[in-house]
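1. The sequence isn't on hand, but the structure is:
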């Protein structure tokens, strides 16, 4: 699942009005964990001046939910060339003040990086490591690739 913010109003502006609210996402995580399902949360998108200063608070909140991992994607958001114009147009529309701050500081490119990423990444890594939550990109990729067949018996056939 993704959790780009802890603010439902901001979430609606990021993802649209018909979204699963923050408390519903956190409740879902709690229920899945009760059922023994491992959870990895992606902190995407990270958008400067919109949600980049919230990342540490989001991670602290997630740490209370016994999750397996957090993929903070090095606090970067890649924007494909095919949707770049649309992305920036929507940013200007949905977050005009924040976009104006960004535009005064940077130019539209294919990658967004949290303003304080260099300082924040070591703090996030320490915070997650102390709680036994995987954050290493290599370890997360390795975990995602593993597969354990938990089925018993034979697959059913229609014929």
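-> Looks like it arrived, so ask away. Predicted model only: the values in this text are computed from it and were never measured.

2. Just name the shakiest helix or strand of the protein by mean pLDDT.
-> helix 137-145 (a mean of 83; mean pLDDT, DSSP states H and E).

3. how about that one: buried residues?
-> For helix 137-145, the neighbour count (16 or more other Cβ atoms under 10 Å) marks residue 140 as buried. The way it works is simple: take the backbone N, C-alpha and C, and place the C-beta from them, glycine included.

4. What is that helix packed up against?
-> strand 40-42, strand 69-71 (3 or more Cβ pairs under 8 Å, 6 or more residues apart in numbering; DSSP states H and E).

5. Residue 95 is nearest to which of these?
-> strand 40-42 (20.2 Å; Cβ to Cβ).

6. How far off centre is that closest one?
-> Computed by Cα atoms, centre = their mean, to the nearest Å, the separation of strand 40-42 from the middle of its chain amounts to 6 Å.

7. Tell me which of the helices and strands packed on helix 137-145 sits most buried.
-> strand 69-71 (a mean of 21; mean count of other Cβ atoms under 10 Å).

8. hmm, back to that, dump the helices and strands packed on helix 137-145 to JSON lines, plus distance to residue 4.
-> Output for those, formatted as JSON lines (distance: least, Cβ to Cβ, whole Å):
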{"stretch": "strand 40-42", "distance to residue 4": "9"}
{"stretch": "strand 69-71", "distance to residue 4": "12"}
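
9. list the contacts for the residue nearest in space to the middle of the chain?
-> Of all residues in the chain, the one closest to the mean position by Cα atoms, centre = their mean is residue 43, 1.7 Å from it. Residue 43 makes contact with 2-4, 55, 58-59, 70-73, 75 under the criterion Cβ atoms under 8 Å, 6 or more residues apart in numbering.
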